[in-house]
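J.: A structural model of the following input is requested.
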Amino acid sequence: MAGRGILPGREIIFEYQRLADSVRLAAIDAATGTEVIVFGPAHVARHDLERVALRKLERRLGLNADGTEKTPRPKGRGVIV
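T.: Residues are numbered from 1 along each chain as shown. Predicted coordinates:
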């Protein structure tokens, strides 16, 4: 699946595994092989679980919502406001 607004232009592989009354969803970025896993109730819509997994994968890859790389935070004391 190419990214649906989140992670555009990337191929994401979803792997579902039913565990009693819950679902384990693994989302894998095909280009890097990076994998994230989320769990949810079995009755939740697949789209909702995929959205959560894509957001988690986006953070793991260090990307913004539009697919560009995040700029690193400057080192040192203080907080960026």
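
J.: which SSE is L57 in?
T.: helix 46-61 (DSSP states H and E).

J.: just checking, what packs against that helix?
T.: strand 12-19, strand 22-29, strand 35-41 (3 or more C-beta pairs under 8 Å, 6 or more residues apart in numbering; DSSP states H and E). (Each C-beta comes from the backbone N, C-alpha and C, glycine too.)

J.: pLDDT below threshold where in this protein?
T.: 1-7, 63-68, 70-74, 78-81 (pLDDT under 70).

J.: which residues touch F39?
T.: S22, V23, R24, L25 (C-beta atoms under 8 Å, 6 or more residues apart in numbering).

J.: Can you turn the buried part of these into a ChimeraX selection?
T.: In ChimeraX, a selection of the buried entries from the contacts of F39 looks like this (16 or more other C-beta atoms under 10 Å):
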select :23,25
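
J.: any idea which of the contacts of F39 is the one closest to V44?
T.: The nearest member of the contacts of F39 to V44, counting by C-beta to C-beta, is V23 at 7.3 Å.

J.: List the contacts of that closest one.
T.: The contact partners of V23, taken as C-beta under 8 Å, 6+ apart, are Y16, Q17, F39, G40, P41, A42, V44, L49.

J.: Tell me which of the helices and strands packed on helix 46-61 sits most buried.
T.: Stretch with highest mean neighbour count among the helices and strands packed on helix 46-61: strand 22-29 (a mean of 18; mean count of other C-beta atoms under 10 Å).

J.: tell me how far that strand is from the chain's mean position?
T.: 10 Å (C-alpha atoms, centre = their mean, to the nearest Å).

J.: Also stretch 42-57?
T.: That offset, for stretch 42-57, works out to 9 Å (C-alpha atoms, centre = their mean).

J.: Just the buried positions in it, please.
T.: Those would be L49, E50, V52, A53, L54, R55, L57, for stretch 42-57 by 16+ other C-beta under 10 Å.

J.: D21 contacts G40, correct?
T.: No - assessed by C-beta atoms under 8 Å, D21 is found out of contact with G40, at 10.5 Å.

J.: Would you pull up how far stretch 14-28 lies from the middle of the chain?
T.: For stretch 14-28, the distance to the chain centre is 14 Å (C-alpha atoms, centre = their mean).
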